[in-house]
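# Sharing a model prediction with you, sequence too.
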Amino acid sequence: MNRLDGKVALVTGGARGLGGATAKLMAAAGAKVLITDLLDEVGAATVAGIEKAGGKAAYLHHDVVDEAGWEKAVKFAADTFGGLDILVNNAGIASDGKTLEETTLESWRRVIAVDLDSLFLGIKHAIPLLRARAGQWPGGGSIINISSIMGFVGMPGAASYIAAKGGVRLLTKAAALELAPSKIRVNSVHPGFTETDMVKGALKDLGARSGGVGENVMKDMITQRHPIGRMGVPIDIANAVCFLASDDSAFMTGSEVVVDGGYIAQ
Ligand code: NAD
């Protein structure tokens, strides 16, 4: 038996990157997966890939900062797949690489809205559906919030992102305590540098701020900071998310799962 058999998952930002890898792994583990994103063609291709492999998935266009869209997304999960057991709050954006002095209030608010406010909205609107089915599973319902190692440590030029990801870490604990009586677990995952489109952009920014070194040189420098000797790949993170989604993690709530090749252990 697959460990997510019979469960329904919603993965935000599930078209590509960490969300895409998570959606695929969850479907392979037996879940029916609703992918939401802004990238409709990429999302449709991810769904097609899952279906081709024998899994079940659907795609819905949804901007995670849109509250009415959250109501539609959870209704879509209920109408299409019969309910909801797992919410992965994964969608996120990087900050623009500027210093605090250069950052505009508009840019600050945009990152906080996408990377923190949206998780509040997702949790709030998913609770009724998660609660309705939580009693069916030994591990109850499961919410997984994607934070970052930047939820633990700072870095110059990314204050809004770091503030948002630190907020996600503690929002997770507040939600875990409120929702434990409803048999809904809430945990955060903290990826290190993982090879996705977002990180390609971040490496360019970091390189530019480190005296104009190229993206590949920056990648080598970042790689060397990982004791395990490589950057992460999306499946590294997806494995941790699937574990938290499954009943194998039934006694975990309010936990911080760091998946970073040892980066912040130093
Ligand atoms: P990515 O850019 O490859 O994928 C992010 C996805 O989210 C994209 O498909 C994008 O279209 C979607 N998205 C962005 N804004 C959205 C919005 N407003 N509404 C709906 N969808 C939206 O990035 P990724 O690296 O896969 O990042 C996924 C998550 O992991 C993010 O929360 C990111 O902060 C976090 N994270 C990534 C890394 C890393 O190294 N890649 C490290 C730590 C944390």
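In hand now; what should we look at? Residues are numbered from 1 along each chain as shown.
# show me the residues around Leu203 that make contact.
Residues in contact with Leu203 (C-beta atoms under 8 Å, 6 or more residues apart in numbering) are 215, 218-219, 222. Heads up, the C-betas are built off the backbone N, CA and C, glycines and all.
# Show the average pLDDT along the helix of greatest length in the chain.
Ordering each helix of the chain by length in residues (DSSP state H) puts helix 159-179 first. Summarised as a single mean, pLDDT over helix 159-179 is 98.
# wait, does that helix contact the ligand?
No - applying C-beta under 6 Å from any ligand atom, one finds helix 159-179 out of contact with the ligand, separated by at least 6.8 Å.
# Identify the residues contacting that helix?
By C-beta under 8 Å, 6+ apart, helix 159-179 touches 89, 94-95, 100, 103, 107-108, 111-112, 114-116, 119-120, 123, 127, 141, 143, 145-148, 150-152, 154-155, 185-188, 190, 253-254, 256.
# just checking, what packs against the following helix or strand past that helix?
Later in the chain than helix 159-179, the nearest helix or strand by DSSP states H and E is strand 184-191. Counting contacts by 3 or more C-beta pairs under 8 Å, 6 or more residues apart in numbering; DSSP states H and E, strand 184-191 packs against helix 118-134, strand 141-146, helix 159-179, helix 234-245, strand 256-259.
# mind listing what's buried in the longest one?
Judged by neighbour count (16 or more other C-beta atoms under 10 Å), helix 159-179 contains these buried residues: 159-169, 171-173, 175-176, 179.
# Over to the shortest one?
Across strand 256-259, burial judged by 16+ other C-beta under 10 Å covers 257-259.
# which bits of the stretch 151-266 of the chain sit near the ligand?
Within the stretch 151-266 of the chain, the residues that sit near the ligand (C-beta under 6 Å from any ligand atom) are 191, 193-194, 196-199.
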